[in-house]
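Chemist: Turn this into a model:
(one chain, ligands or ions: 2)
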Amino acid sequence: MTKKDYYKILGVDRNASQEEIRSAFRRLARKYHPDVAGKGSEEKFKEINEAFQVLSDPQKRAQYDQYGSSSFRPEDFNFEGFNFEDIFKDFGDIFNVFSERKNKPKSGSDLRYDLEISLEQAFSGLTTKIEISVYTICKACKGTGAKDGKLKTCPVCDGSGQIKKIRRTPFGQTVFITTCNKCGGSGKIISEKCKVCNGTGRVKEKRKVEVKIPRGVDENSYLRIAGQGEAGQNGGPPGDLYIVIHIKPHKIFERRGNDLFCKANIDLGKAIFGGEIEVPTINGKAKIKLPRGTQSHTVFRLKGQGMPDLHTGKRGDEFVKIIVEIPKKLSKKQEILLKEIFGNEKIKTSKGFFDKMRDFVS
Ligand SMILES: [Zn+2]
Ligand SMILES: [Zn+2]
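Modeler: Ligands and ions are numbered 1, 2, ... in the order given. Predicted coordinates:
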C-alpha cells in the first residue's frame, strides 16, 4: 500500500484541531463529490474520505501519526456500521447542493384557447373579451391543501422533507439525499383535506382576458398573450396564453390565402346582351360589366377586394365566377319565341354534347 499524507490531502496542519479537519473536509467534499464534480472525481473523493475517516477519529489519528497510512488495511475503510448520517448531520450544507434543485422556480403552463370568428371579423379585426379557466392558489387553505391550512409534520422524513440514503460505492459509502415522497419535500403533510380544492391546493378560476385580433388572421393563426397562462410555482413566471383562430365557413365566400372566391348567377338575357351586375364583396358591393355573349363559368377578377394581408395589410383579390342560369320552365310565349329563334336550326357546336352538358351541370 502506498504511503499517503492525510494532512496534505485535507490541506491541514499536523496540529490541526478537529474543527479545522471537519471544515477542511466539508470544503473538499463539496468540491469533489462525484454528484457535483462528475465521475472523474471519484478517486479524489475516496481519498478525501479516507483521510477524514482517519484524522477525525482520535485513535486512528494517533495510529497514523505513529505508523503512517500503511498501518491501515483496506478493511479499515469499509464503513460497515459507520454512521454516516451522524457525520453529515452538522454538515447539512454539503448536500444542499444536491437537493436545492428540487424547489427551483417553475414556469406556469401555457394555455390554449380556440376562438371562432366570422370571415367579416377576420377582415376587419376585432377586440373581444374571452373567459378562460386557470388554476390559481386555493384561498380557503392558502394553497396548502389542508383544511383551514392546518398541516402536521411528516412522519416519514420527520419534517426535513428529505430522505437520506446510504449507498455503497467503490470509494466508500455516500449519502444520497432524495426528496421525501410522502410530503413531496415540504416536510409537512395534510391531516385533513381542504374541501374547496380537494387537497390539491389549487382551484380553477375563471378569468376574463381582452384580446385584440388583428386584420387578416386566417384559420390556425395564433396570438400569444404573454403572462396570461397558469400561475408559476415557487415564484416562477406565469405561462402564456395562446389564442388559436378558427374561421367559420362563409355563405358566399371561399378563402384561399388573401384571395376570395364566389359565384354570381346571371340569366340568359344578361349573358347574351351583356350589362352591369352587382356582386357582393367582403365589406360591401362591387359592379362588374359583362360583355355581350358572356359564357358561363367565366371568371372576373376584382383587384384589391380580397382579405388584408396579416403583415402588410395589402388586400388580395376577389374572383367571381359567372354562372349562366338556363331556365327550367318556359312560358308559352317564351317557348314559341325561342323555338322561332333556335328550333329550326341544326345545333352547331364546337363542343361535343357531353361537354356542353357538363358546362350546364357544374
Ligand atoms: Zn416527508
Ligand atoms: Zn384548498
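
Chemist: so how far is R255 from the spatially most central residue of the chain?
Modeler: Centroid-nearest residue in the chain, with C-alpha atoms, centre = their mean: D110, separated by 5.1 Å. Separation of D110 from R255 (C-beta to C-beta, to the nearest Å): 28 Å. Where C-beta positions appear, they are placed from N, C-alpha and C, glycine not excepted.

Chemist: and what of C141?
Modeler: Taking C-beta to C-beta, one finds C141 at 50 Å from R255.

Chemist: give me the low-pLDDT residue ranges for the stretch 1-150 of the chain?
Modeler: 1-2, 34-36, 39, 74-105 (pLDDT under 70).

Chemist: Now that the residue nearest to the centre of the chain has come up, it's in contact with G229, right?
Modeler: Yes. Using C-beta atoms under 8 Å, D110 is in contact with G229, at 4.8 Å.

Chemist: Pull up the overlap in contacts between those two.
Modeler: G239, D240, L241 (C-beta atoms under 8 Å, 6 or more residues apart in numbering).

Chemist: Can you read off the backbone torsions of the second one?
Modeler: Note on D240: its backbone torsions stand at phi -110, psi 160 [degrees, to the nearest 10].

Chemist: Number of residues surrounding it?
Modeler: The number of residues packed near D240 is 18, by other C-beta atoms under 10 Å.

Chemist: before we move on, back to that, mind checking how far the residue nearest to the centre of the chain is from A226?
Modeler: If you go by C-beta to C-beta, the gap between D110 and A226 works out to 10 Å.

Chemist: got it, and I243?
Modeler: 12 Å.

Chemist: returning to that earlier point: which residues does the residue nearest to the centre of the chain contact?
Modeler: Per C-beta under 8 Å, 6+ apart, neighbours of D110: G229, E230, G239, D240, L241, Y242.

Chemist: Let's see that with 6 Å instead.
Modeler: G229, G239, D240 (C-beta atoms under 6 Å, 6 or more residues apart in numbering).

Chemist: Please name the nearest non-neighbouring residue to the second one.
Modeler: If I follow you right, that is G239. The shortest distance from G239 to any non-neighbouring residue, by C-beta to C-beta, 6 or more residues apart in numbering, is to G229 (2.6 Å).

Chemist: The one you found should be in a strand, yeah?
Modeler: No. Counting by DSSP: H, G, I helix; E, B strand; the rest coil, G229 is not found in a strand; it is coil.

Chemist: and it, backbone torsions?
Modeler: phi -90, psi -160.

Chemist: need the contact list for it.
Modeler: Contacts of G229 (C-beta under 6 Å, 6+ apart): G108, S109, D110, L111, P238, G239, D240, L241.

Chemist: do the same with D148
Modeler: If you count contacts by C-beta under 6 Å, 6+ apart, D148 has none.

Chemist: separation between it and R202?
Modeler: D148 is 17 Å from R202, by C-beta to C-beta.

Chemist: quick one: strands adjacent to the one helix or strand I132 maps to?
Modeler: Element membership for I132 (DSSP states H and E) is strand 126-137. Here strand 126-137 has these sheet partners by DSSP bridges: strand 202-213 (antiparallel).

Chemist: Alpha carbons of the strand it pairs with, as PDB, please.
Modeler: Written as PDB, here are the backbone C-alpha positions of strand 202-213 (Å, rounded to 0.1, in the frame of the first residue of the first chain):
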ATOM      1  CA  ARG A 202     -55.300  25.000  -6.300                       C
ATOM      2  CA  VAL A 203     -58.700  25.700  -7.800                       C
ATOM      3  CA  LYS A 204     -59.900  26.600 -11.300                       C
ATOM      4  CA  GLU A 205     -60.800  30.100 -11.600                       C
ATOM      5  CA  LYS A 206     -62.500  32.000 -14.400                       C
ATOM      6  CA  ARG A 207     -60.600  34.900 -15.800                       C
ATOM      7  CA  LYS A 208     -61.600  37.400 -18.400                       C
ATOM      8  CA  VAL A 209     -59.000  38.400 -20.900                       C
ATOM      9  CA  GLU A 210     -59.300  41.100 -23.500                       C
ATOM     10  CA  VAL A 211     -57.900  40.000 -26.900                       C
ATOM     11  CA  LYS A 212     -57.200  42.100 -29.900                       C
ATOM     12  CA  ILE A 213     -57.400  40.100 -33.100                       C
END
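
Chemist: Please consider this matter closed, and thank you.
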